[in-house]
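[1] No sequence on hand, only this structure:
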């Protein structure tokens, strides 16, 4: 993974904060776990693919989740 500069990290963290605020304004708050994953990605600690994998794993573990089925 490419080493991030302080400027890169700041820009990424601002983008994450903007996205979280936008989601909240639209009535779609993001879980604290997902927000932490996004912030870890912004800091360069994990990849975007890892964020997606973690979010999907939590979704599939949620008993409320019902995958769409074709009729």
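    Nice, I can see it. Values in this document were obtained by computation on a predicted structure and should not be read as measured data.
[2] pretty sure residue 55 contacts residue 34?
    Yes: using CB atoms under 8 Å, residue 55 is in contact with residue 34, at 5.5 Å. Just so you know, the C-beta spots here come from the backbone N, C-alpha and C atoms, and that holds for glycine as well.
[3] so where is the chain shaky, pLDDT-wise?
    In the predicted model, the chain carries pLDDT under 70 at residues 1, 71.
[4] neighbours of residue 37, just the number please.
    Counted by other CB atoms under 10 Å, the residues lying close to residue 37 total 23.
[5] Next one: it from residue 7, what distance?
    Distance, residue 37 to residue 7, using CB to CB, to the nearest Å: 22 Å.
[6] Same question for residue 48.
    From residue 48 over to residue 7 the distance is 19 Å, taken as CB to CB.
[7] next one: residue 55
    On the measure of CB to CB, residue 55 and residue 7 end up 27 Å apart.
[8] So between these two, which is more surrounded?
    Using other CB under 10 Å as the criterion, residue 55 and residue 7 rank with residue 55 on top: 16 against 8.
[9] tell me the contacts of that one?
    Residues counted as contacts of residue 55 (CB atoms under 8 Å, 6 or more residues apart in numbering) are 34, 37.
[10] List the buried residues for the helix or strand hosting it?
    Here residue 55 sits within helix 48-61, counting by DSSP states H and E. The neighbour-count check on helix 48-61 (16 or more other CB atoms under 10 Å) flags 51, 54, 55 as buried.
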